[in-house]
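K.L.:
here you go, sequence then predicted model.
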Amino acid sequence: MDHTLPEDAWKDSFDRLLDPIPKLRELNVIKKKVRLSFNMDSSVENSNPNVLNINDCSLPNVRNNLTAAGDKLNIKNSISTPCAKNLSVNIFHCALSPIIGMKLDGLLPTEDHRADIIDREKLDQPRGGKQVCFNVNTIDSETSMESSSILQSVHALKARRASNKQARSSLVLLPGKWRKSLHTWQRTTQNISGRKSSNLCVEPRDITLKNLRAVPRNSRKSLHTNRNSEHDLEINFEAEVLKYCGQSSPLKFSTAYTATKMLDACKIGEGVYGEVFKYTPKNKTKMNLVLKVLPIEGTALVNEEVQKTYEQILPEIIISREMSALRINETNSTSGFVDIYNVSLVKGKYPKHLIGLWEDYDEEKESENDNPTMFTDSQLFIVLELKFAGTDMSKFVFLNAEQAYFALQQVVLTLAVGEEAFQFEHRDLHWGNILIEKTKKKFIDFKLRGKQLSVETKGIQITIIDYTLSRITVSECCHYNDLSQDDDLFVATGDYQYEVYRMMREELKNNWSSYSPKTNVQWLSYINSKLINGVNYKSITTKAHKNYFEKLKDFNKIILNFASAVECGQYLHSIN
Ligand SMILES: Nc1ncnc2c1ncn2[C@@H]1O[C@H](COP(=O)(O)OP(=O)(O)OP(=O)(O)O)[C@@H](O)[C@H]1O
C-alpha cells in the first residue's frame, strides 16, 4: 500500500483558493506578509514564571521578608509581558507595539523563584519586564493552577464561578507603599473575578493592563461639625483651591516651572497620583525643594486611575498647609510635618524638561506611571512645592538603636502636637512615609499645650509626609478619607502594617470621621517594631546600641496601652 501523501496535502483551504490563480501563488503576496504576532495575547504567550522583578527589594531586610513569607505566593499565576526596552533584541516582528505590563511591587516569590532570582542576580541578567502577580488561594487544590498560563487561570475561575463558589484572590504586600500594588491588584482581580465588574466574562486577551479600567474612588469627605454652619452652603471647590494657591486663575505650567528656575533637577519618586521631582531653586541655592505634580479634573485615566477633582484635592491641600504651619503655632508647635513652600494650580502641557527628567528616571528605574507626554493643553495640575526631607525610613541606615530611639521620640511628639492642634490622625504612617535626613542641630524643639519640649537629634531629623488617609478637624470641619466601603485594604497581609489597617478599623468602628488618637498609637507601635526588626543599623555591637535596643523592646511591650501619641510622649519624656 502506498503511504505517500498526495502532493498537495500540505495545502490548507486558503492555499487551495489560490490554485486557480497561479500568478498570485507565484507572487506569494499574502504569505510573505504573515508574521508571528507577539502582540496577540502577549500576556499569555510570553508569560514567564521564572522572571521575577525584585529590584525594588534590594535591602537585606526586605529580602529576609521575602524569604520568610515567600511561600504565600503562587507565582505561577503571573502575567508577564516582555518590555522591548529591556531586551537586547527586538522580538516583536510586527509593527504594533508590545503590551507593556506593570510589576506589582508587593508580591512575594515562591521557593523555586527565589532560587531563580538568585541565579539571575549572579549572572547579572537583564530584567524580564514588569509583572503583575496575584495569588488565587481560594481555588481548590484540584482546580489549582498547573501552569503559568493565564488562560488556565481564567478557565479555572470560570469553572469555579459556574459551581457558584466565590473566587477571591489573596493579597500579600511588601511593607511600605501599598497604593500602587493594591490598585493594580484591584484592577486585575476585579476584572478576573468580576467582583465589582459588570462584565463577568473575561476573555484572556482582555487581560492586559491597558484594558483594565479603574473603579472611580471618591472617598475623600469633609464633614462640618457645626451643622448650622454657613459652610453647609454649596462650596465652590475650584474657587477654594484657587484661594489656597493665592491665585485668581491657573498659571501656565511651562512658564511657572521653567528649566532655568530649577537647578540640578531630577525625578526622585512617583505615586499613583503623581510625579515627584527634586531641584534647587535658582534664587535659593542652599535649599533643596521637591515638586509633587498631581493631574486633576481631567477625564483621561492617568496611571490607570481616575484623576482627582477639585473637591478631592482640597482637603489634601488644607491638611498639608495646616500641618506645615504648625512650625509657627504658639501653643502646639512642631517642624516634624513636611514643610510646604507653595501650592499652585497650573494648566497646559507638561514642560519639556520635566518630561526629559521623567524619561531619565524611566530609563534607570522603569517607571510604572504613564509618560506625561500624554497630557494636553487643557490639563490642570496641582503642584505642591515641599522642602526636601531626606530618605525614607525603609532605606535609611541608622547609626545605632540610640539614634533610632530618639527618632521615635521625634515621631511621637510630632503626632502629639498634631493631635492637640487639629485632632490629627495620620492613618497611614508606614516607614515609607517617614523621611529622615542628617542635621547638625543638637535638639529639636516642640511645644505641647504651651509647654516647651526638646528631643536630642543624635544627628538626624524626621519628617512625616503623605496625608492621603489622614484626618483633621479645622475650622469646625473634619476632613477625612472614608474607608468604610474599601474592603480590599483590610484583607492585605505580608507585614504588621496591614494588621494596623484592621486595628484602626476596629478602633474606629468603621466610622472614619470619628476621632480616635489611638490610631496614632497603633502606627507608633508599628514604627517601634520596625526599629526593632526591620530597619538597617550601621553598628550593632556597641553598648549604646544594645542599651537602647532593650529600651525599644521594653517600650514595645507597653505601647499599645497608651490612648494617644500625647500619652506616649509624656511617658517617654518622663523617663528620659
Ligand atoms: N518632601 C519630600 N522630600 C523627599 N522626598 C519626598 C518628599 N515628598 C515625597 N518624596 C518622595 O516621593 C515619594 C512619593 O511621595 P508621596 O508618598 O507623597 O506620593 P503619593 O502620590 O502620595 O504616593 P502614594 O499615593 O502612591 O502612596 C515618597 O515615597 C518619597 O520618596
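P.N.:
All right, it came through fine.

K.L.:
need the phi and psi values for E385.
P.N.:
phi -100, psi 110 (degrees, to the nearest 10).

K.L.:
give me the neighbour count for it.
P.N.:
By the criterion of other C-beta atoms under 10 Å, E385 has 17 neighbours. The way it works is simple: take the backbone N, C-alpha and C, and place the C-beta from them, glycine included.

K.L.:
same question, S470
P.N.:
For S470, the neighbour count with other C-beta under 10 Å is 23.

K.L.:
got the contact list for it?
P.N.:
By C-beta atoms under 8 Å, 6 or more residues apart in numbering, the residues touching S470 are I319, F424, E425, H426, R427, D428, H479, Y480, N481.

K.L.:
ok, 6 Å please
P.N.:
S470 makes contact with I319, H426, R427 under the criterion C-beta atoms under 6 Å, 6 or more residues apart in numbering.

K.L.:
tell me which element S367 is part of?
P.N.:
According to DSSP states H and E, S367 maps onto no helix or strand at all.

K.L.:
where's whichever residue of the stretch 151-300 of the chain sits closest to the ligand relative to K243, distance?
P.N.:
Here the stretch 151-300 of the chain gets closest to the ligand at one residue, G271, 1.9 Å apart by C-beta to the nearest ligand atom. Note on G271: its distance to K243, by C-beta to C-beta, to the nearest Å, is 25 Å.

K.L.:
out of those two, which sits in the busier spot?
P.N.:
Shown here are G271 and K243; by other C-beta under 10 Å, G271 has more neighbours (16 against 13).

K.L.:
from N303, how far off is that one?
P.N.:
Distance from G271 to N303, by C-beta to C-beta: 9 Å.

K.L.:
one more: V455?
P.N.:
The gap separating V455 from N303 is 38 Å, by C-beta to C-beta.

K.L.:
over to T473?
P.N.:
Taken as C-beta to C-beta, the span from T473 to N303 is 31 Å.

K.L.:
do the same with W358
P.N.:
12 Å.

K.L.:
quick one: list the elements packing against the biggest helix by length in the chain.
P.N.:
For the chain, the helix with the greatest residue count under DSSP state H is helix 401-422. Helices and strands touching helix 401-422, by 3 or more C-beta pairs under 6 Å, 6 or more residues apart in numbering; DSSP states H and E, are strand 443-448, strand 451-456, strand 460-464, strand 472-474, helix 543-558, helix 565-575.

K.L.:
run me through the strand neighbours of the second one, direction for each.
P.N.:
Strand pairing for strand 451-456, determined by DSSP bridges: strand 443-448 (antiparallel).

K.L.:
just to revisit the earlier point, higher neighbour count, T473 and N303?
P.N.:
Taking other C-beta under 10 Å, T473 and N303 do not tie; N303 has more neighbours (21 against 17).

K.L.:
can you pull the contacts of the more buried one?
P.N.:
Listed by C-beta under 6 Å, 6+ apart, the contact partners of N303 are V272, N369, D370.

K.L.:
is it possible to get a markdown table of those that adds neighbour count, pLDDT and secondary structure?
P.N.:
Conversion of these to a markdown table gives the following (neighbours: other C-beta atoms under 10 Å; pLDDT from 0 to 100; DSSP: H, G, I helix; E, B strand; the rest coil):
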| residue | neighbour count | pLDDT | secondary structure |
| --- | --- | --- | --- |
| V272 | 19 | 83 | coil |
| N369 | 22 | 94 | coil |
| D370 | 16 | 95 | coil |
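
K.L.:
out of those, the closest to F549 would be?
P.N.:
Nearest to F549 out of these is V272 (C-beta to C-beta; 35.8 Å).

K.L.:
and the closest one, what does it touch?
P.N.:
R179, K180, H183, N303, E305.

K.L.:
would you mind listing which of the residues you listed are buried?
P.N.:
Those of these that meet the buried threshold are R179, K180, H183, N303, E305, by 16 or more other C-beta atoms under 10 Å.
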